[in-house]
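J.: With the sequence up front, the predicted model follows.
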Amino acid sequence: MTAALCAVVLAAFPAGSSSGATPPAGGGRVAIFYYPWYSTPSRDGTWAHWYVERDGQSQLAVRHYPSRGLYSSSNAKVLAAQMREIAAAGVDTVVVSWWGEGSPEAARLPLVATAARRVGLSVAVHHEPYQGRTPASTAADIVRLRDAGYRDFYVYDADRDPPGAWAEALAGVDGVRVFGHTTLAGRAKASGFDGVYTYDIRTWTGRVFRRLCAQAHAMGLLCAPSVGPGYDAELATGDSVVSPRLNGTRYERMWKSALRSGADLVTITSYNEWLEGTQIEPARPQVGRPGYDGAWGRRGIDAQRAYLDATATWAARFTRG
């Protein structure tokens with residue numbers, strides 16, 4: 001994710017893993033990044049994360065269009081339906097984007113957690129680079145959230161702070177697992193993280209997974225590489241570098257690489273980051289916006305859930321080992 005747009009899991013340590021890290025008891029092996037930051041005027045008083053201002057006008061900033069329409073993440077019915085979809089896709093854990101105390105995302109975390117746990121999902125926190133975030137403030141956040149019942153954290157953009165600062169801040173934090181967003185296993189170890197994840201599916205493709213997991217395991221760290229369907233943030237940010245979906249082929253390639261890497265967990269980027277076009281949430285065609293037609297040869301209504309159905313297949317294969 002970009003900083004402009006921009007976790008505690010009761011996730012089980014998989015049997016037979018080569019990592020030496022010791023996690024708390026809990027849930028499963030497949031986690032998905034989830035964004036609770038969407039707002040609508042009718043429910044929240046304003047739009048958030050659907051439109052951008054350009055040339056003095058509001059423009060819809062998403063390349064695809066949600067099958068359920070432009071929704072609010074404060075809508076409990078929407079959250080319930082989304083969590084049912086995620087659980088049915090074979091995912092164990094929802095990793096919720098969190099932007100610091102007082103943020104809309106922090107306010108909505110309990111609502112997401114309630115909906116997730118009702119369908120048997122574990123809940124994790126994706127600790128984003130909010131303004132003023134430091135390793136010390138992150139550690140304090142983790143302690144508060146741990147005391148609220150969360151156990152695993154994913155720290156985005158971990159490399160922007162020195163390993164020594166992370167190690168000092170996290171030294172007194174126990175009862176949790178902390179995954180650092182980095183592809184440098186040695187740096188993650190020096191920082192005191194328990195594991196690594198990649199998130200960025202545009203830069204860190206499946207070609208790095210085997211190397212990263214081998215290095216992480218050699219240092220006693222968990223490896224949680226991130227797979228995703230594609231990337232297209234041009235409407236939202238002007239970023240002209242696009243990773244096309246290739247009718248599902250890109251997603252399959254990344255899953256295959258993850259299965260071959262010896263990963264302890266697979267993380268999915270993302271369920272609903274519509275602004276960057278990494279979402280697998282159902283989409284339908286809209287004027288000027290494609291649906292998922294063509295993915296695995298599917299068309300029309302049948303194509304709307306193509307990526308969720310593919311996720312269920314790959315998650316099952318990963319869980320079976």
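T.: Nice, I can see it.
J.: quick one: the helices in this structure?
T.: For the chain, the helices defined by DSSP state H cover 41-44, 76-88, 104-118, 135-147, 163-170, 185-191, 209-218, 234-237, 249-260, 306-320.
J.: Buried residues, the second one. List them.
T.: What it means is helix 76-88. Neighbour-count burial for helix 76-88 flags V78, L79, Q82, M83, E85, I86, A87 (criterion: 16 or more other Cβ atoms under 10 Å). To be clear about C-beta, it is placed using only N, CA and C from the backbone, and glycine gets the same treatment.
J.: Against Y271, how distant is the third one?
T.: The reference is to Q82. 7 Å (Cβ to Cβ, to the nearest Å).
J.: Spit out the residues that contact these two alike.
T.: Shared contacts of Q82 and Y271 (Cβ atoms under 8 Å, 6 or more residues apart in numbering): Y34, E281.
J.: got any ranges where the stretch 1-150 of the chain has weak pLDDT?
T.: The stretch 1-150 of the chain contains residues with pLDDT under 70 at 1-28.
J.: Do you have the strands of it handy? List them.
T.: For the stretch 1-150 of the chain, the strands defined by DSSP state E, counting those that start in this stretch cover 30-34, 51-54, 57-60, 93-98, 122-127.
J.: between the last one and strand 30-34, how big is the angle?
T.: Right, strand 122-127. With axes from the mean of the first three to the mean of the last three Cα atoms, to 10 degrees defining the directions, strand 122-127 sits at 50 degrees from strand 30-34.
J.: Which neighbouring elements make contact with strand 122-127?
T.: With contacts defined as 3 or more Cβ pairs under 8 Å, 6 or more residues apart in numbering; DSSP states H and E, strand 122-127 has these neighbours: strand 93-98, helix 104-118, helix 135-147, strand 152-155.
J.: most tightly surrounded among those?
T.: Sort the helices and strands packed on strand 122-127 by mean neighbour count, taking mean count of other Cβ atoms under 10 Å, and strand 152-155 sits at the top with a mean of 30.
J.: what separates stretch 77-84 from the chain centre, distance-wise?
T.: Distance, stretch centre to chain centre, for stretch 77-84: 17 Å (Cα atoms, centre = their mean, to the nearest Å).
J.: okay, the helices and strands packed on strand 122-127 in JSON lines with distance to E53 next?
T.: Output for the helices and strands packed on strand 122-127, formatted as JSON lines (distance: least, Cβ to Cβ, whole Å):
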{"stretch": "strand 93-98", "distance to E53": "22"}
{"stretch": "helix 104-118", "distance to E53": "19"}
{"stretch": "helix 135-147", "distance to E53": "30"}
{"stretch": "strand 152-155", "distance to E53": "30"}
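J.: Out of these, the one nearest S67 is which?
T.: helix 104-118 (18.2 Å; Cβ to Cβ).
J.: same for the closest one, what does it pack against?
T.: helix 76-88, strand 93-98, strand 122-127.
J.: Strand 93-98 and that one, what's the angle between them?
T.: Going by the same axes, to 10 degrees, helix 104-118 makes 160 degrees with strand 93-98.
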